[in-house]
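Engineer: Build me a model from this:
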Amino acid sequence: MRLVQQSGKRSIIQKQKEYSVIPCTLEHIKHIADNIRQEDKDELYAASGKFPLHALLHGYTHSDYLKVGCVNETPVCVFGTVPVLEIPNTALAWMVATDGLLNVSFKFARESQKYADEMQHNYKLLYNFVDARNTVHHRWLRWLGFTIIRKIKHGVLDKDFYEFARVNNYV
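Structural biologist: Now for the predicted structure:
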């Protein structure tokens with residue numbers, strides 16, 4: 001924030017929130033694990049039985065595409081693709097965030113289409129599962145061109161999840 005004088009009055013002007021996407025580091029993973037949205041924490045645990053840091057370290061070590069979104073250089077989301085070795089041209093698409101993402105939700109939404117396309121560049125199929133309780137994620141996935149396929153019991157807690165997928169016809 002900075003103090004500005006206008007017509008004899010002092011005003012406080014908030015620093016503009018800048019959103020950037022950069023390669024992910026271990027420090028970013030730690031920050032996001034420590035500040036993860038409760039909804040994402042619940043989803044990770046229901047799916048894998050892992051706490052955020054352990055789940056994110058798995059994503060960090062297995063992803064072939066890995067980026068972090070930052071607001072004024074503070075990590076607010078991490079996303080990537082993990083190749084599915086058993087199925088050629090297929091990867092799991094994933095993302096988790098902190099509540100800090102809410103500060104740039106419109107900028108994030110505009111930019112996310114570009115990164116979804118980048119994630120899919122080398123894959124015919126991107127897919128994964130999303131917690132059925134997380135309706136914000138469902139809308140965002142549809143915005144990115146993913147299709148919600150079906151509702152199934154999934155994960156170590158056998159909770160309701162939706163399977164989602166996005167096909168690239170040009171690979």
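
Engineer: show me the contacts for the residue nearest the centre of the chain.
Structural biologist: For the chain, the residue nearest the mean C-alpha position is residue 95 (2.5 Å; C-alpha atoms, centre = their mean). For residue 95, the contacting residues are 77-80, by C-beta atoms under 8 Å, 6 or more residues apart in numbering. (Glycine included, C-beta is placed from N, CA and C.)

Engineer: try 6 Å
Structural biologist: residue 79 (C-beta atoms under 6 Å, 6 or more residues apart in numbering).

Engineer: So what pairs up with it in the strands?
Structural biologist: Per DSSP bridges, the residues bridged to residue 95 are residue 79.

Engineer: Not counting its own residues, what contacts stretch 103-115?
Structural biologist: The contact list for stretch 103-115, computed with C-beta under 6 Å, 6+ apart, reads 17, 19, 71, 101.

Engineer: In this structure, which helix is the longest?
Structural biologist: For the chain, the longest helix by residue count, based on DSSP state H, is helix 105-120.

Engineer: need the strands for this structure, in chain order.
Structural biologist: 2-6, 9-13, 19-23, 65-71, 74-83, 90-97, 125-131, 147-154, 159-167 (DSSP state E).

Engineer: Spit out the contact partners of the closest residue to residue 145 other than its chain neighbours.
Structural biologist: Excluding the flanking residues, the one nearest residue 145 by C-beta to C-beta, 6 or more residues apart in numbering is residue 166, at 5.4 Å. Applying C-beta under 6 Å, 6+ apart to residue 166 gives the contacts 126, 145-146.

Engineer: distance of residue 166 from residue 54?
Structural biologist: Between residue 166 and residue 54 the distance is 27 Å, computed by C-beta to C-beta, to the nearest Å.

Engineer: before we move on, what about residue 48?
Structural biologist: For residue 48, the distance to residue 54 - C-beta to C-beta - is 8 Å.

Engineer: quick one: buried residues of stretch 46-61?
Structural biologist: Judged by neighbour count (16 or more other C-beta atoms under 10 Å), stretch 46-61 contains these buried residues: 46-47, 52, 55-56, 59-60.
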